[in-house]
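Engineer: sequence and predicted structure are below.
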Amino acid sequence: MSAAFRPANQDSALVRWLLVGAAVLVAVVMLVLPLAAVLAEALRRGLGVALAAIAEPDTMAAIRLTLLVAVLTVPLNLVGGVAAAWCIAKHDFPGKRLLVTLIELPFAVSPVIAGMVFVLMFGAQGWFGPWLQARDIQVVFALPGLVLATLFVTFPFVARTVLPLMQEQGRAEEEAAATLGASGVQTFLRVTLPNVKWGLLAGVLLCNARAMGEFGAVSVVSGHIRGETNTMPLHVEILYNEYQFAGAFAVAALLAVLGLVTLAAKTLLERLAGRSTGARA
Amino acid sequence: MSATTLSLGRPSPIAAIPGFRLTLGITLAWLGGVVLIPLAALALRPWELGLGGVLAVLADARVLAALQLSFGAAAMAALLDLPLGLLLAWVIVRLRFPGRSALDAALDLPFALPTAVAGIALTALTAPNGWLGAPLEAMFGWKIAFTQAGIVFALMFTGLPFIVRTVEPVLRDMARDAEEAAATLGASRMQTLGRVVLPALLPALLTGFSLAFARSVGEYGSVIFIAGNLPMLTEIAPLLIVVKLEQFDYAGAAVVGMAMLLLSFALLFGINQVQQLLRRGRA
């Protein structure tokens, strides 16, 4: 197309290529290079060394703990998130906007603060610390603390992904089901769920990725006991601070792969759902 | 909202969707137990020190330096991200080129990478022997890792997608005819961009700025590896909270946390007010 017939709101080819070049440069320097650096550092001494670092007992313990925390938190947030989305999208009640704001609140709170609130309650000098200590119950520096802190930071993911989908869907189908005598559970499983299933799956994946990758919140409540209360991201920090770079970057690469797989799956699910889920980490 | 009621007014009680009490109950229990009661601890614990004690913690030079650094670096990073985010959003929405969808996918990387991974990645990259750190130091004498510049760089990384993904849908939905009209009326391309396109994007840019800023103020994992963590110099407020907790100074840690939350809510509220003024001005 010659320049004379170029639409008025389109720039010349030179400007367009300059813009694309600048954008690609920004993306490479700020986004691609960091990822490449992790993978390159992990594989610097070869795949064998990286795999051996991952097979270390402390690292395997960290992987098991991370999976356990995710298995405990994700289902709880799935139930809570779906319940919240259902009650907000399908019903009217006073204080609804406040409830939506409160559900998103954990996104506005620093992960360190999310961990700290549980230390303030259950730590040695916490409100319930002495009571728990007298009964020999460990919350902070143990699994319950890790689960609570992870619940806090992953709290909004499912609700936030499913709510806009349920709102878009409207209420006509559920009202019809209710009029025809369907119970709440039947209505949810047969009418609502099929409409939001891909979005729900995307929300669960995002929730899981954050649960496995969370650092700040669990760092505060973990106590960093190797082989016991160390999740994978915390193990990266310990190895890194001990100058065991091969191990640190190998575990980090594993977490990066988890993130990439989640990202790819989310993109695929959004395509399946035919629209954006509106969920952002 | 509910287009379903048509002219019938409110649906009759018989047709009401069931499950309201149960789901509201679950939601409130879940929200209260996991989020609200714990945050109440944050709101109440500082006052164990009394008002004087709280003020003394806030007046401590190390606390002030940490708060100033966290808020300053977050604002700086979000500001620097604005032109970069606008450029990236513009390119993926307006231009067609090979590799566009790969670029689009790469923009979500900061959302996808766990913060600790981002932290050691950015540190490896900008360290004196890193792929970026070595040439920058050799050519310009710039040091990034273990300085305040490193903190801003890490926060730019985590904040960038917030701006791109906020501007992108607005840009996509923006009608092109205003631009065409401006061009037809003799405006140069720069005039059109400055007077037609940018003003229309301003609310989205502000929203993106506040999202990136809010995230950056509390950011921990991606920052502590690159920061150097020297008190008064490169110690961010979340790290100071961790230090205070390790010293069993729970009330002091709670004061810093509460100050962070109140300050960032106040700033976000302010930005929100500016935005409403902008909207009203346009309407």
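Structural biologist: Cool, the structure landed.
Engineer: now the one residue sitting closest to the centre of chain B. Nearest residue, chain neighbours left out?
Structural biologist: The residue lying closest to the centre of chain B (Cα atoms, centre = their mean) is residue B:212, at 2.0 Å. Distances taken as Cβ to Cβ, 6 or more residues apart in numbering or on different chains place residue B:159 nearest to residue B:212, at 3.2 Å, with adjacent residues excluded. From N, CA and C alone the C-beta is placed, and that goes for glycine too.
Engineer: verify the contact between the one you found and residue B:84 for me.
Structural biologist: No - counting by Cβ atoms under 8 Å, residue B:159 stays clear of residue B:84, with 9.8 Å between them.
Engineer: of the two, which one has the most company?
Structural biologist: residue B:159 (29 against 19; other Cβ atoms under 10 Å in any protein chain shown).
Engineer: quick one: residue B:203 from residue B:174, how far?
Structural biologist: 12 Å (Cβ to Cβ, to the nearest Å).
Engineer: quick one: common contacting residues for these two?
Structural biologist: Residues touching both residue B:203 and residue B:174 (Cβ atoms under 8 Å, 6 or more residues apart in numbering or on different chains): there are none.
Engineer: what's the domain layout of chain A?
Structural biologist: For chain A, automatic domain parsing gives the domain ranges A:1-42, A:46-273.
Engineer: average pLDDT for the longest one?
Structural biologist: Per-residue pLDDT values over domain A:46-273 give a mean of 91.
Engineer: first-to-last residue distance for that domain?
Structural biologist: Terminal residues of domain A:46-273 lie 40 Å apart, using Cα to Cα, to the nearest Å.
Engineer: gap between that domain and the chain center?
Structural biologist: Its chain's average C-alpha position is 6 Å from that of domain A:46-273, according to Cα atoms, centre = their mean, to the nearest Å.
Engineer: what of the shortest one?
Structural biologist: Distance of domain A:1-42 from the chain centroid (Cα atoms, centre = their mean) equals 29 Å.
Engineer: residues from the stretch 151-283 of chain B in reach of chain A?
Structural biologist: Residues of the stretch 151-283 of chain B lying near chain A by Cβ under 8 Å from any Cβ of the partner chain: B:156-157, B:160-162, B:165, B:176, B:179-180, B:183-184, B:189, B:192, B:214, B:217-221, B:225, B:238-239, B:241-242, B:245, B:248, B:250, B:253-254, B:257, B:260-261, B:264-265, B:268.
Engineer: flag every buried residue along the helix or strand hosting residue B:217.
Structural biologist: Using DSSP states H and E, residue B:217 maps to helix B:198-218. Residues of helix B:198-218 classed as buried: B:200-218 (neighbour count, 16 or more other Cβ atoms under 10 Å in any protein chain shown).
Engineer: next up, the contacts around residue B:19.
Structural biologist: A:86-87, A:90, A:184-185, A:187-188.
Engineer: ok, and of those residues, which contact chain B?
Structural biologist: Among those, chain B is touched by A:86-87, A:90, A:184-185, A:187-188 when using Cβ under 8 Å from any Cβ.
Engineer: out of these, who's the most crowded?
Structural biologist: The most neighbours of any of the ones next to chain B among the contacts of residue B:19, using other Cβ under 10 Å, belong to residue A:86, which has 28 neighbours.
Engineer: for chain A, what's the nearest residue on the stretch 1-150 of chain B?
Structural biologist: residue B:114 (2.8 Å; Cβ to the nearest Cβ).
Engineer: count the residues that sit near the closest residue in space to that residue that isn't next to it in sequence.
Structural biologist: Spatial nearest neighbour of residue B:114, excluding adjacent residues (Cβ to Cβ, 6+ apart): residue A:213 at 2.8 Å. Residues lying near residue A:213 (other Cβ under 10 Å) number 26.
Engineer: got the contact list for residue A:213?
Structural biologist: A:233, A:255, A:258-259, B:113-117.
Engineer: take those and keep only those in helices.
Structural biologist: If you go by DSSP state H, the contacts of residue A:213 have A:233, A:255, A:258-259, B:115-117 in helices.
Engineer: surely residue B:118 and residue B:223 touch.
Structural biologist: No - with contacts counted by Cβ under 8 Å, residue B:118 stays clear of residue B:223, the gap being 9.3 Å.
Engineer: pull out the buried residues from the helix or strand hosting residue A:161.
Structural biologist: Here residue A:161, judged by DSSP H and E, is contained in helix A:156-169. Residues A:156-166, A:169 are the ones in helix A:156-169 that count as buried (16+ other Cβ under 10 Å).
Engineer: what is the burial count for the spatially closest residue to residue B:202 that is not a sequence neighbour?
Structural biologist: Computed as Cβ to Cβ, 6+ apart, the closest residue to residue B:202 that is not its neighbour in sequence is residue B:278, at 6.2 Å. If you count neighbours by other Cβ under 10 Å, residue B:278 ends up with 14.
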